[in-house]
Each structure stands twice: as C-alpha cells, then as structure tokens.
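Trainee: Kindly generate the corresponding structure for this input.
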Amino acid sequence: MDLLIQFLTNTGYYLADYRNIIMLFVGGLFLYLGTAKGYEPLLLIPIGFGVLVGNVPFFKGFGLGIYESNSVLHYLYFGVTTGLYPSIVFLGLGAMTDFSALLARPVLMLLGAAAQMGIFFTLISALALGFLPKEAASIAIIGGADGPTSIFLTAKLAPHLIGPIAIAAYSYMALIPVIQPPIMRLLTTRKERLIRMSDLREVSKKEKIIFPAVGILLCCFLAPASIPLLGTFFFGNFLKECGRTERLAQTARTSIIDIATIFLGFTVGASTQGDVFLTPKSVGIFCLGAVAFSIATASGLIFAKILNLFLKDKINPLLGASGVSAVPGSAREVHLVGQREDPTNFLLMHAMACNSSGVIGSAICAGILWSFMV
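Mentor: From the prediction side, this is the model:
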C-alpha cells in the first residue's frame, strides 16, 4: 500500500496544479487553430504540442524540464536562448524571398518602414507601465509581427520573458485573418480599396544579384547588431539569386528552415511551464502585443494614404497593412481583402514587396534596440 501511494504521488495527476491545467488548454487551443482552422499550422502545431509537453508535471532535479541544465529539452532550448534558431530561420526566409517587386517599385519599402511605428509606440507604453527598459524593448518588437526577431531580441535582453513574448508574437501572426481586416476596412474607403496598382517593370537578373550584397552593407552598417539576422537573410537570398548555388538555396528554404522551425516552435512551447509562464507580466505582454500589432498595421495604412497625397501613380492603401513582417500572412490577407472588393484586382506581388521590406525593417529595429539597451 505504501508503494502504491508513493507511485500515485509521483504521477503528473497528483503533481498538477491549476496553472498546468490552464496551459494545457492553451496548448490544445493552439493545436485546434492550427489543425482544424488552418491558422499558421507550421507555427501553431509545434508550439501547441510543446505547450502540452512543457506542462506535464514532474519532480524537479530529474533532468526532465526545459529549465533544468542537464535535460534534453534544455539542450534543444539552447538554440532559442542563443538566437541560433532565429538566425537559421532568416537564412531560409532569404532563400525564399523574391525582391523583384520591391526593386521594381522601391517606394513600397517606405510602407515596411512605416509599419515599424508599432514597435516604438509599444516601447514607450511598456516603460510607462513599469517594465524595465530591456523588458520593454523585448515586448516592443512584437509590433514588428516577426516571431524569430522577437525571440532573438528577447534572448539577448530579457531571456526570462522568451516564453510569453514568443507565444504572443506567434499568436498574433496566426491571427492575422482576424486582427488585420477590420483595421483595413476601418481606415480605408471602398474607393481606396479598389485602387489598381500599375504593372511592375521587369527586374534584371543583375539587379537581383546585386541587391542582397548592397542590402547587407547598407542595413548592417546602419545597425551592426542586426548582423546575426540580416547577415543570414541576405546570404540566403544571394544563394537563391546568384544562379550558382541552387542546391544550397533549395536546402536552406526547405530542410534547414523546416528543422529550425520544428525545434524553435516545440521548445518555445515547452518553455511555457505554468509556474513560470502564468504571471501578471505575461498578461501585460499579451495586451501590449495586441496594441503593438494593431498600431503597426494602422501606421502602414495611414502612411500609404499620406503618400498618395504626393504621388501621381496612387498606391492602394491596403498595402500598408503588409508592411508588418509576418511573411507571407499579412501579404496574403491584403490580397484577399482587395479581392473581396474587386476579384480582378491582384495585390499579392505588391504586398510581398512591403512584406519583405517589413522583415528588413523589424530586424534593423531589433538591432538598434539591442545596441541601445546593452
């Protein structure tokens, strides 16, 4: 009987508390959204399953938990805490990205820059709410709507907040179809949503080869702390465009980024142990993250409308919403909202130009914040 009682007290059923139960429901919700609803399944499914694994109760000191230095999960988590996984993801993103539309109409790059206003507004708000400067900077980067960038900066400035910040960033990326369309419709008129973009000029192969080399010099000279992200991003793009390393580019945009995404999502999910994750700060981060993402979307839309006051060839203001760096979710949503007004209006390529510039912009902002806060 004593052995039976001892066995029962060692099980997760006995050790679980309300915080584990809450997080198990959160993990189940992520799995439901990714599987049944199809919301960013490549992100939400690894994170959701990681949440389930991370909230199975266990005895401390057995080398099981992600925060125990001798555990397998802790070694996998090393890629998160050092910024390794985000850099690998950026390598794959670079190998996937086509800058043709951006090079054909460089003015669209300004919309990616304008959408970063959400970062700096949230930084001020987080400081006003009592967060420490490094914590506020880590929370602010959620406004860029870029999960890997958020994780990278948080790992450098506020590693104790990686869990809530990563979950918030990826949650809002997955909820783009819910969050962005109402803001688009609120801040634009139907006449503006019907604006057709002019045809893009054909971009030469030479331009596409030169761009990543010039981009790395311009961006990283401006913000050297962005080298770990933009260095791999532009390198991946050069592999794609140079025409001599297609095998490497193919590996970067398939196998490598898939492996990094699996481990990144799973370990971030596993880091959300109820006793570590469920704190008042986590609630504040989720609220500020929603505000940051909404302001970033609104900033891009409003700036596009301002640009139209000076441009003869008008820009569809919806493109401003794709200035956030949630690739390709926000570009796809802009295209879909435009097509609801006019099924023959194709905005996807133009939106991808803003989207890719948003990736660069959020990485530069992360580098600037890191250099100021160290």
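Trainee: got a list of what Thr261 touches?
Mentor: For Thr261, the contact set (CB atoms under 8 Å, 6 or more residues apart in numbering) comprises 42-43, 46, 89. Quick note: C-beta positions are derived from backbone N, CA and C, even for glycine.
Trainee: let me redo that: Ser299
Mentor: Contacts for Ser299 were tallied using CB under 8 Å, 6+ apart; they are 114-118, 320, 323.
Trainee: Quick check: Thr149 touching Ala366?
Mentor: Yes: here Thr149 reaches Ala366: they are 5.0 Å apart, a contact under CB atoms under 8 Å.
Trainee: Overlap in contacts, those two.
Mentor: Taking CB under 8 Å, 6+ apart as the criterion, Thr149 and Ala366 both touch 141, 229.
Trainee: Have a look at the two and say which one is more surrounded.
Mentor: For Thr149 and Ala366, the more surrounded residue by other CB atoms under 10 Å is Ala366, and the numbers stand at 32 against 28.
Trainee: got the contact list for the more buried one?
Mentor: With contact taken as CB under 8 Å, 6+ apart, Ala366 is in contact with 141, 144, 149, 152-153, 225-226, 229.
Trainee: ok, it to Lys156 distance?
Mentor: Note on Ala366: its distance to Lys156, by CB to CB, to the nearest Å, is 9 Å.
Trainee: swap in Leu229?
Mentor: On the measure of CB to CB, Leu229 and Lys156 end up 11 Å apart.
Trainee: between these two, who's got more neighbours?
Mentor: Using other CB under 10 Å, the more surrounded residue of Leu229 and Lys156 is Leu229, with 32 against 21.
Trainee: do you know how far the more buried one is from Ile141?
Mentor: Leu229 sits 11 Å away from Ile141, taking CB to CB as the criterion.
Trainee: Between the two, which contacts overlap?
Mentor: Joint contacts of Leu229 and Ile141 (CB under 8 Å, 6+ apart) are 149, 366.
Trainee: Can you pull the poorly scored residue ranges out of the chain?
Mentor: Scanning the chain for pLDDT under 70 picks out the ranges 61, 145.
Trainee: Enumerate every residue touching the residue nearest the centre of it.
Mentor: Centroid-nearest residue in the chain: Asp146, 2.0 Å away (criterion: CA atoms, centre = their mean). By CB under 8 Å, 6+ apart, Asp146 lies in contact with 169, 173, 324-326, 358-359, 362-363.
Trainee: For the stretch 151-300 of the chain, just list every one of the helices.
Mentor: Using DSSP state H, counting those that start in this stretch, the helices of the stretch 151-300 of the chain run over residues 162-174, 176-187, 190-193, 205-222, 232-241, 246-251, 257-270, 274-277, 280-308.
Trainee: how about the longest one: buried residues?
Mentor: Think helix 280-308. Neighbour counts using 16 or more other CB atoms under 10 Å place 281-282, 284-286, 288-305, 307-308 of helix 280-308 among the buried residues.
Trainee: how about TSV for the contacts of Ser299, with distance to Asn55 added?
Mentor: TSV is the format used below for the contacts of Ser299 (distance: CB to CB, whole Å):
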residue	distance to Asn55
Ala114	39
Ala115	34
Gln116	34
Met117	36
Gly118	31
Gly320	39
Gly323	36
